[in-house]
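**Student:** Just need the structure, nothing else, for what follows:
(one chain, ligands or ions: 1)
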Amino acid sequence: MKISNICIVGGGSAGWMTAAALTKLLPNMNVTLIESKNFATVGVGESTNTYINVFLKLLGLKDEDWMSYCNATYKTSIKFTDFAGKGQNYHYPFGARDFSEAGSIATWYFWKLLDPSLDNYSFAEYYHPVITMGDQNKMTANVNGEVRAFDFHNATAYHMDATKFGQYLKEKIALPNGLNYIVDDVVKVNQNEDGSVKNLSTKENGELEADLYVDCTGFKALLLSETLKVPYISFNDSLINDKAIATQLPYIDKNKEMECVTNCTAIESGWVWNTPVFNRIGTGYVYSSKFETPESAEKQFRHHLAGGNGNMVIGDKERVDKAEFRHIEMRHGVHETSWKHNVIGVGLASGFIEPLESTGLLLIHENIIFLLRTLARKDGQVNKIDKDIWNYSVREKVENMREFVSQHYSLSSRHDTPYWKHVTEEISYDFGPLGVCDVAYPTTTSADLVRRLNKTFTFGPEQGGLLYIATGNGYTPLSSMDYPGWEPEMLKQLKSEQEVQKNKYKSFKQELQLTLDELPTHYEFLKENIYN
Ligand SMILES: Cc1cc2nc3c(=O)[nH]c(=O)nc-3n(C[C@H](O)[C@H](O)[C@H](O)COP(=O)(O)OP(=O)(O)OC[C@H]3O[C@@H](n4cnc5c(N)ncnc54)[C@H](O)[C@@H]3O)c2cc1C
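**Tutor:** Here you go, the predicted structure:
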């Protein structure tokens, strides 16, 4: 098929990100976007990860262009509070690891082997000074490299107002680049005999016809699900959180509460996200309807926000009492094929994994980039193989994310509520080759260890994260149970090296603290550099 007219249905984040990218980067395409004022957008999705920088660069956007419009702030890590166990936290930091203190990733694992009381939190902290920076709410553009291994421009993600981000892309990129914009309802999707979409009937603008229709209609997937009836592969068996409650809170103290990490806190029957944007805090409780009613969940969420669980930066009942709470349904899974006939799905209409690792927007921009490549390759000529490659790639990405997100539950030691007992002891997780076994598998000889570490630590980007999740939950490649098979010489050497290494690290932490003392808070940094 030859594509030169594209119609995007939906004006949520997926619709506007697609419209901005197509109009800006494929100027020969004729692009229309139709959105309805009668169907709300999902209105959440405010935490990103670092891959968004590639998308922003493609659009030619610099922080100072768009961040203040979208109330954006910086994000250097995802923190999992109370996930591994109550009172146990770990991070999944962004960016490269810092090996200046230790020659290799194995160092921390040896420490842990020889001193099992070592807090698992310190694994990510040891290799990423940016965690200590984030814990103290400090920020720097790092022009002089004062925080080691912190690549401010590429390894920092954002928290942002998702609705404003959509508006920004519309007003500053899509419309100026020639988007044909229609506000109307699609009331019927008309099909050809072969099942492909012939045109869209609208309430006030007659029929819209295109070569390719991009379904960005959210969870309902008006074209892919409702019209083409493409089967939806549900992940509800292993990812059981199917509801969310979202709210927004005003700041009490911006210096303390504007954290540069997304804090995900496990509570009774799910977890709470905390996404501080510049003018307010976005927060929400993702939970399972198997264990809570909307009422009981809202009660737990309010209790948490008021400081009842003891892990809010500032818990405040009065602020919670004034907030509005919105209940959201979620469906996890992916369409068997996200490109069928002349329809492709982007965003929630294509597939969705619960937001624990901020994969929603990630899937959107990765799929858009893939679409751009596909359309640019032969000037809009698309063969069957191109659709097959798209479908394979989308499914593979979502499946990897499903496994990765599931591991945050499967490895946890919590069983203190019926929900946590269920997710840690009862669910059968279906892990493929990306599974945790390589990180936790016994290592009995030094050759074995080197081989395993090499294998584990040469994971690609998705798998790289597993290291932090597994280690944060106490799964490591080395165990004292392996001692008998280890060469005595190796152990002797390890023990003597350990003290040297630890002392080196202690001095480094003291130096780092002196640096951090001089840095502005995240809020002060934003005021100075973005909101000035
Ligand atoms: C609770 C929750 C938390 C999340 N948190 C994160 C996060 O932190 N980070 C992240 O990356 N992602 C997150 N996500 C995912 C993220 O919100 C979505 O990926 C993103 O908002 C994209 O949504 P969308 O544009 O696909 O759909 P929607 O926002 O639902 O947009 C659908 C659009 O379709 C239009 N439409 C529907 N029917 C019609 C019709 N008949 N005619 C015309 N127009 C129509 C609507 O008007 C609307 O404009 C989260 C999702 C949920 C549910």
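
**Student:** helix, strand or coil for the residue lying closest to Ser100 once chain neighbours are set aside?
**Tutor:** Nearest non-adjacent residue to Ser100, counting by C-beta to C-beta, 6 or more residues apart in numbering: Arg148, 6.0 Å away. From N, CA and C alone the C-beta is placed, and that goes for glycine too. What DSSP: H, G, I helix; E, B strand; the rest coil gives for Arg148 is coil.

**Student:** What is the burial count for Arg148?
**Tutor:** By other C-beta atoms under 10 Å, 18 other residues sit near Arg148.

**Student:** doesn't Pro129 make contact with it?
**Tutor:** Yes. With contact defined as C-beta atoms under 8 Å, Arg148 reaches Pro129; the gap is 5.1 Å.

**Student:** so what sits against both of the two?
**Tutor:** Asp98, Leu512 (C-beta atoms under 8 Å, 6 or more residues apart in numbering).

**Student:** Excluding chain neighbours, what is closest to Trp271?
**Tutor:** Per C-beta to C-beta, 6+ apart, closest to Trp271 is Cys264, 5.2 Å.

**Student:** So that neighbour lies in a strand, does it not?
**Tutor:** Yes. Per three-state DSSP, Cys264 lies within a strand segment.

**Student:** measure it to the ligand for me?
**Tutor:** 10 Å (C-beta to the nearest ligand atom, to the nearest Å).

**Student:** Show me the beta-bridge partners of that residue.
**Tutor:** Applying DSSP bridges to Cys264 gives these bridge partners: Phe80, Trp273.

**Student:** Pull the contacting residues for it.
**Tutor:** Ile78, Lys79, Phe80, Thr81, Phe83, Trp271, Val272, Trp273, Asn274, Leu356 are the contacts of Cys264 under C-beta under 8 Å, 6+ apart.

**Student:** Make a markdown table from those residues and add neighbour count, pLDDT and distance to Gly134 to it.
**Tutor:** A markdown table is the format used below for those (neighbours: other C-beta atoms under 10 Å; pLDDT from 0 to 100; distance: C-beta to C-beta, whole Å):
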| residue | neighbour count | pLDDT | distance to Gly134 |
| --- | --- | --- | --- |
| Ile78 | 25 | 96 | 10 |
| Lys79 | 23 | 97 | 8 |
| Phe80 | 26 | 98 | 13 |
| Thr81 | 22 | 98 | 13 |
| Phe83 | 25 | 97 | 17 |
| Trp271 | 25 | 98 | 19 |
| Val272 | 25 | 98 | 18 |
| Trp273 | 22 | 98 | 16 |
| Asn274 | 24 | 97 | 13 |
| Leu356 | 24 | 95 | 18 |
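
**Student:** Now the residue in the stretch 351-500 of the chain positioned nearest to the ligand: closest residue in space that isn't a chain neighbour?
**Tutor:** Proximity to the ligand, evaluated over the stretch 351-500 of the chain using C-beta to the nearest ligand atom, is greatest for Gly360 at 2.4 Å. Spatial nearest neighbour of Gly360, excluding adjacent residues (C-beta to C-beta, 6+ apart): Gly45 at 4.9 Å.

**Student:** Assign the one you found to helix, strand or coil.
**Tutor:** Going by three-state DSSP: Gly45 is coil.

**Student:** now it: how far from the ligand?
**Tutor:** 2 Å.

**Student:** Pull up the residues of the chain that are close to the ligand.
**Tutor:** 9-15, 34-36, 39, 41-42, 44-48, 162, 185-186, 216-218, 222, 244, 284, 328, 330, 347-349, 355, 358, 360-362, 364 (C-beta under 6 Å from any ligand atom).

**Student:** so how far is the helix or strand Ala246 falls within from its chain's centroid?
**Tutor:** According to DSSP states H and E, Ala246 maps onto strand 243-249. Computed by C-alpha atoms, centre = their mean, to the nearest Å, the chain-centroid distance of strand 243-249 equals 17 Å.

**Student:** What's the nearest residue in the stretch 151-300 of the chain when you look at the ligand?
**Tutor:** Going by C-beta to the nearest ligand atom, the ligand is nearest to Gly218 of the stretch 151-300 of the chain, at 2.5 Å.

**Student:** Backbone dihedrals for the closest residue in space to that residue that isn't next to it in sequence, both of them.
**Tutor:** Among residues not flanking Gly218 along the chain, Leu348 sits closest, at 4.6 Å (C-beta to C-beta, 6+ apart). Here the main-chain torsion angles of Leu348 (degrees, to the nearest 10) amount to phi -60, psi -30.

**Student:** What's the local residue count around Leu348?
**Tutor:** 26.

**Student:** Surely it and Val42 touch.
**Tutor:** Yes. Look at Leu348 against Val42 with C-beta under 8 Å: they come within range, at 6.5 Å.

**Student:** any residues in contact with both of these two?
**Tutor:** Gly12, Gly218, Phe219.

**Student:** rewinding a little: let me know how buried the residue nearest to Gly360 is, in neighbour terms.
**Tutor:** If you count neighbours by other C-beta under 10 Å, Gly45 ends up with 23.

**Student:** Next: Glu425.
**Tutor:** Neighbours around Glu425, by other C-beta under 10 Å: 9.

**Student:** Tell me who's in contact with the closest residue to it other than its chain neighbours.
**Tutor:** For Glu425, ignoring the flanking residues on the chain, the nearest one in space by C-beta to C-beta, 6+ apart is His415 at 6.0 Å. Taking C-beta under 8 Å, 6+ apart, we find His415 in contact with Lys421, Thr424, Glu425.
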